[in-house]
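Participant: model the structure of this input:
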Amino acid sequence: MHPFDAVPLAQVAATTTEAVTAQVATTKRVIDLILEMAVKYGFQVLGGTLILVAGWITAKFTAKVLTDFLTKRNMDVTVVKFVSGTAKLTVLAFAFLVALSKFGVEITPLIAGLSVAGVGVSLALQGTLSNYAAGISLIFTKPFKVGDIIEVAGVTGEVQDISLGSTRLTRVDGAKVVVPNKHIIGEVIHNYSGLKGVDIKVGVGYDTDVNRAIEVIRQVILSDRRVFKEKEPKIGILEFADSSINLGVKLWCRQEDSLDVLFGVNKGILEEFRRNKIDIPFPQRDVHLYQESVERTLSHSKINIS
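Facilitator: Numbering: from 1, shown residues only. All right, here's what the predicted structure looks like:
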């Protein structure tokens with residue numbers, strides 16, 4: 001007789017029913033757990049997500065309102081960017097902390113941990129943080145603004161952007177230069193604000209009519225349309241050199257025209273001096289030889305003179 005024939009059908013049915021009942025009970029418990037988790041944490045997740053979205057929208061709106069308000073008050077563009085950016089980051093940080101609390105994260109230990117981590121990061125990033133501190137100082141003291149022509153840290157160029165970490169300049173030759181802000185604070189800053197002073201020195205002989213030479217130079221300068229006529233050029237005797245009277249010239253032009261003006265005015269002065277017979281002397285030395293000194297020198301050098 002087959003072994004299964006000895007198992008009563010009622011027992012098989014009971015065993016199957018128990019297994020199905022246990023499976024159904026397990027499935028029900030899983031579903032109940034999922035529903036409980038969804039009810040318990042779903043609204044927290046939804047609330048935290050809505051807070052993040054609302055914080056992002058509020059941050060953008062706040063930045064836009066501040067930008068429009070400060071722009072209408074004719075505030076510097078750098079200050080406008082800094083204030084609006086700071087306000088945006090503040091709103092986002094607040095929304096993030098509130099969202100974390102909705103997600104069930106304890107904020108107090110988190111803030112304490114971030115404070116400790118911040119101390120370590122600040123020690124490791126002293127150079128970078130000093131750039132940011134210097135950037136804040138530049139933004140509020142405003143020694144220059146975007147569009148100004150400045151000379152600082154050995155670089156001369158037009159200010160393109162002032163950020164917290166660095167200042168971007170464009171030189172006359174078109175090169176882009178990024179200067180860390182910590183190298184600007186404490187340095188001497190020359191702000192030309194659209195004007196560049198050009199210095200020229202030219203020598204004339206001691207027997208030259210200086211007034212006539214000055215007038216010739218003045219006419220050359222006035223004939224150059226790139227030179228600012230509103231700011232009168234200065235011409236006069238700069239120094240008495242060994243071989244010449246050096247005349248000094250100070251004129252002003254746009255920063256981007258400074259080299260062309262320097263080369264053009266120098267060329268014009270040379271041409272007009274030649275046309276007006278005004279000499280530019282070269283260095284000269286008068287050497288006086290005395291017979292007694294020559295003989296003594298020759299005797300010491302053992303040179304026979306025939």
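Participant: Ile189 contacts Ala153, correct?
Facilitator: No - between Ile189 and Ala153 there is no contact under CB atoms under 8 Å: 9.1 Å. The C-beta positions use only the backbone N, C-alpha and C, and glycine is treated the same way.
Participant: please parse this protein into its domains.
Facilitator: Per the record, the chain has its domains at 15-114, 144-191, 196-275, by automatic domain parsing.
Participant: would you turn those into CSV with mean pLDDT, mean neighbour count and distance to Tyr132?
Facilitator: Compiled in CSV, the domains of the chain are given as follows (pLDDT from 0 to 100; neighbours: other CB atoms under 10 Å; distance: least, CB to CB, whole Å):
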stretch, mean pLDDT, mean neighbour count, distance to Tyr132
domain 15-114, 75, 13, 11
domain 144-191, 85, 17, 5
domain 196-275, 91, 16, 29
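Participant: and stretch 199-210, how far out from the chain middle?
Facilitator: 43 Å (CA atoms, centre = their mean, to the nearest Å).
Participant: tabulate the CA atom coordinates of that stretch in PDB.
Facilitator: The C-alpha coordinates for stretch 199-210 follow below in PDB (Å, rounded to 0.1, in the frame of the first residue of the first chain):
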ATOM      1  CA  ASP A 199      53.800 110.100 -17.500                       C
ATOM      2  CA  ILE A 200      56.300 111.200 -20.200                       C
ATOM      3  CA  LYS A 201      59.800 112.400 -19.800                       C
ATOM      4  CA  VAL A 202      61.800 114.000 -22.600                       C
ATOM      5  CA  GLY A 203      65.200 115.700 -22.400                       C
ATOM      6  CA  VAL A 204      66.300 118.900 -24.300                       C
ATOM      7  CA  GLY A 205      69.600 120.600 -24.500                       C
ATOM      8  CA  TYR A 206      70.700 123.300 -22.000                       C
ATOM      9  CA  ASP A 207      70.800 125.800 -24.800                       C
ATOM     10  CA  THR A 208      67.200 125.000 -25.900                       C
ATOM     11  CA  ASP A 209      64.400 127.600 -25.600                       C
ATOM     12  CA  VAL A 210      62.400 125.700 -22.900                       C
END
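Participant: surely Ser244 meets Asp207?
Facilitator: No - with contact defined as CB under 8 Å, Ser244 does not reach Asp207; the gap is 10.8 Å.
Participant: quick one on the thing from earlier: export the domains of the chain to CSV and tack on distance to Ala133?
Facilitator: Listed next are the domains of the chain as CSV, based on distance: least, CB to CB, whole Å:
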stretch, distance to Ala133
domain 15-114, 13
domain 144-191, 8
domain 196-275, 29
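Participant: OK, contacts around Ile200?
Facilitator: Neighbour list for Ile200: Gly248, Val249, Lys250, Leu251, Leu262, Val265, Asn266, Ile269 [criterion: CB atoms under 8 Å, 6 or more residues apart in numbering].
Participant: looking at these, which are in helices?
Facilitator: Leu262, Val265, Asn266, Ile269 (DSSP state H).
Participant: how near is the first one to Val30?
Facilitator: It stands for Leu262. Noted for Leu262: a distance of 85 Å to Val30, by CB to CB, to the nearest Å.
Participant: picking up where we left off before, could I get the contacts of Ile200 as a markdown table with distance to Trp56?
Facilitator: Listed next are the contacts of Ile200 as a markdown table, based on distance: CB to CB, whole Å:
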| residue | distance to Trp56 |
| --- | --- |
| Gly248 | 61 |
| Val249 | 60 |
| Lys250 | 56 |
| Leu251 | 54 |
| Leu262 | 53 |
| Val265 | 58 |
| Asn266 | 60 |
| Ile269 | 64 |
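Participant: closest one to Val45 out of these, please.
Facilitator: Leu262 (68.5 Å; CB to CB).
Participant: thanks a lot, catch you later.
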